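Undergrad: All I have is the shape, not the residue letters:
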């Protein structure tokens with residue numbers, strides 16, 4: 001998309017060991033070794049599981065051509081199209097946990113302003129709440 005500015009999806013996948021999100025099917029990583037981010041647990045269409053017995057987190061790369069997860073509101077509620085690569089971590093099965101809670105990270109990502117109300121040059125770094133991991137919550 002932006003040669004030299006952001007890595008190719010395959011390079012990002014090779015370095016992280018994470019699968020590429022596909023809204024149609026699951027794509028397995030092309031590398032076999034495990035990295036700090038990469039494959040540890042089972043794989044599903046949600047991504048690679050981290051192997052947690054309580055609340056498993058599934059991580060995956062959101063590719064450049066997936067508008068399903070790239071077009072989203074920023075923290076101010078403005079519609080944006082995220083340009084750069086990013087990863088998501090979502091909750092899988094609850095296993096032995098009473099309640100699995102989706103946790104987010106605040107990230108500044110390069111995106112296009114889709115509101116039509118922005119500056120003439122609509123590119124900028126905007127803040128987004130990106131799904132990052134799942135945590136086990138105990139309610140009494």
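TA: Cool, got the structure. What you are looking at is a predicted structure, and each value in this text was computed from that prediction instead of being measured.
Undergrad: ranges for the helices of this structure?
TA: With DSSP state H as the criterion, the chain has helices at 9-16, 67-70.
Undergrad: lowest-confidence stretch among these?
TA: The weakest mean pLDDT among the helices of the chain belongs to helix 67-70, with a mean of 84.
Undergrad: hang on, the earlier thing: looking at the helices of the chain, which is buried most?
TA: Counting by mean count of other Cβ atoms under 10 Å, helix 9-16 has the highest mean neighbour count of the helices of the chain, with a mean of 16. Bear in mind the C-beta positions are built from the backbone N, C-alpha and C, glycine included.
Undergrad: residues contacting residue 103?
TA: By Cβ atoms under 8 Å, 6 or more residues apart in numbering, the contact list for residue 103 reads 131, 132, 133, 134, 135.
Undergrad: Distance to residue 82 for those residues - can I get that in TSV?
TA: Formatted as TSV, these follow (distance: Cβ to Cβ, whole Å):
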residue	distance to residue 82
131	13
132	15
133	19
134	22
135	24
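Undergrad: Looking at these, which is nearest residue 63?
TA: Within the contacts of residue 103, the smallest distance to residue 63 is 16.0 Å, found for residue 131 (Cβ to Cβ).
Undergrad: surely the closest one meets residue 86?
TA: No. The criterion here is Cβ atoms under 8 Å, and residue 131 misses it with residue 86 at 10.2 Å.
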